[in-house]
Structure formats: structure tokens, C-alpha cells
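1. A predicted structure for the sequence below; I have some questions about it.
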Amino acid sequence: MKQKAPLLSMGMFFFLGVMSALAPVSTDMYIPALPEMTSNFNTTASLIQLTLSATTLGMAVGQIIIGPLSDAYVRKKPLAIGMAVYLFASILASLATSINVFLFARLLQGLAGAAGIVVTKAMARDMASGEALTKLMALLMLIGGLAPIFAPVVGGQILLFGTWRYVFDLMALMGFILCIW
């Protein structure tokens with residue numbers, strides 16, 4: 001059995017935390033903009049709310065697909081592809097002019113964001129074991145739990161200065177940074 005390193009650098013811990021929080025942030029950051037989006041897309045509130053379900057469905061299906069891929073291949077490849085697709089989906093959502101394109105972008109964003117959820121957990125398992133793994137997973141779960149609390153606040157603050165599209169521009173920026181990282 002190989003020896004696993006019990007300590008992580010702060011940079012790696014921060015990376016894992018941001019990656020694990022990406023999908024929950026993506027789900028909740030635009031919630032304050034839902035009323036504005038309803039009028040912008042000239043659609044019903046129910047159809048706008050369906051975009052939340054599309055993202056959640058994407059995250060669920062994405063974990064089922066990406067989990068085995070990250071086990072079969074080097075973790076970096078599925079994660080990098082996931083972040084590139086997340087970047088593309090965020091830009092597509094920001095530029096969407098119809099609710100159908102937006103729904104597709106949100107589904108795609110959920111699928112890609114799932115890479116952050118599943119691969120970070122696998123990376124944590126690869127880097128730590130025993131008590132160190134338990135502590136790391138607890139911290140990652142804490143970050144994942146706090147992200148949906150703070151994301152709508154951040155989204156609401158963005159709306160003070162711009163439209164709902166700025167929220168997705170920020171998500172695209174996050175995807176770009178994570179792609180490079």
C-alpha cells in the first residue's frame with residue numbers, strides 16, 4: 001500500500017475548495033436575477049425556474065459520467081475538460097437571447113460543474129488518508145455547504161451594478177481561472 005501525504009499546501013486546499021464549491025455557486029448565484037430574467041426572456045416564472053432543475057439534473061448526470069472517467073484516466077484531464085466546458089456554458093448562458101438556449105447552457109453548465117464536485121473528492125482521497133482525509137473532506141463539505149449561502153448575496157450585489165448577464169460573466173471568469181489553474 002502506498003504512503004499518502006497527510007498534509008496539503010494551502011494552494012491545493014484552496015483549489016480543491018473552489019472546485020468543490022463551483023457547482024453550488026453556479027446554481028444559486030443567479031437566483032436574485034430570476035424576476036429580471038423572466039421579463040428579459042419574455043417567458044413564465046416556471047420556465048425560468050426550470051433552469052435551476054436543468055442545472056441540478058446536469059450535475060447529477062455529470063457526476064455519474066465524470067466519476068468513472070476520472071478513475072480511468074488521470075484526474076487532470078476530465079477536470080480540465082469539465083472546466084473548459086463550464087467556461088463555454090457560462091459564456092453561452094451570458095449571451096443567450098432565448099430561454100431554450102439558456103436552458104441548454106444551464107444543463108451544460110451543470111454537467112461540466114459536476115467535474116469539480118466529483119474530481120475534487122477523488123483528488124482528496126488520492127492525497128490523504130485516515131484522519132487527514134476525514135478532516136479534508138469535512139472542510140470541503142463545509143465550503144460546499146457555505147457556498148450556496150453566500151452565492152445569492154454575491155449575485156444580488158452584482159445586480160446592483162449590472163444585469164443578470166454579469167452574474168454569468170463572473171461564472172465565466174471563474175471557469176477561465178480554474179481552466180488555467
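-> Arrived safely. Numbering: from 1, shown residues only.

2. The closest residue to residue 45 other than its chain neighbours: helix or strand, and which one exactly?
-> Leaving aside its sequence neighbours, residue 45 sits nearest to residue 38 (C-beta to C-beta, 6 or more residues apart in numbering; 5.3 Å). To be clear about C-beta, it is placed using only N, CA and C from the backbone, and glycine gets the same treatment. Under the criterion of DSSP states H and E, residue 38 resides in helix 34-40.

3. contacts for that helix?
-> 30, 44-45, 48-49, 102, 159, 163-164 (C-beta atoms under 8 Å, 6 or more residues apart in numbering).

4. Let's see that with 10 Å instead.
-> 30, 33, 43-49, 51-52, 96-97, 99, 102, 155, 159, 163-165, 167 (C-beta atoms under 10 Å, 6 or more residues apart in numbering).

5. filter these to the buried ones?
-> 30, 33, 43, 48, 51-52, 96, 99, 102, 155, 159, 164-165, 167 (16 or more other C-beta atoms under 10 Å).

6. just checking, which of those residues belong to helices?
-> 48, 51-52, 99, 102, 155, 159, 164-165, 167 (DSSP state H).

7. Rebuild those residues as CSV, extending it with distance to residue 81 and pLDDT.
-> What follows is these, written out as CSV (distance: C-beta to C-beta, whole Å; pLDDT from 0 to 100):
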residue, distance to residue 81, pLDDT
48, 29, 94
51, 23, 94
52, 24, 93
99, 27, 96
102, 23, 96
155, 27, 92
159, 31, 93
164, 27, 94
165, 25, 94
167, 24, 94
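
8. on that earlier part again, make TSV from the buried ones among the contacts of helix 34-40 and add distance to residue 15 to it.
-> Conversion of the buried ones among the contacts of helix 34-40 to TSV gives the following (distance: C-beta to C-beta, whole Å):
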residue	distance to residue 15
30	24
33	28
43	37
48	33
51	28
52	27
96	29
99	34
102	29
155	23
159	28
164	28
165	27
167	23
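
9. Looking at the residues you listed, which is nearest residue 114?
-> residue 52 (15.3 Å; C-beta to C-beta).

10. Test my guess that the closest one contacts residue 24.
-> No. Applying C-beta atoms under 10 Å, one finds residue 52 not in contact with residue 24, separated by 11.9 Å.

11. Find the residue ranges of the chain scoring beneath the pLDDT cut-off.
-> When residues are selected by pLDDT under 70, those of the chain lie in 1-8.

12. Centroid-nearest residue for it?
-> residue 23 (2.3 Å; C-alpha atoms, centre = their mean).

13. So it versus residue 161, what's the distance?
-> Noted for residue 23: a distance of 25 Å to residue 161, by C-beta to C-beta, to the nearest Å.

14. And residue 25, by the same measure?
-> In terms of C-beta to C-beta, residue 25 sits 18 Å off from residue 161.
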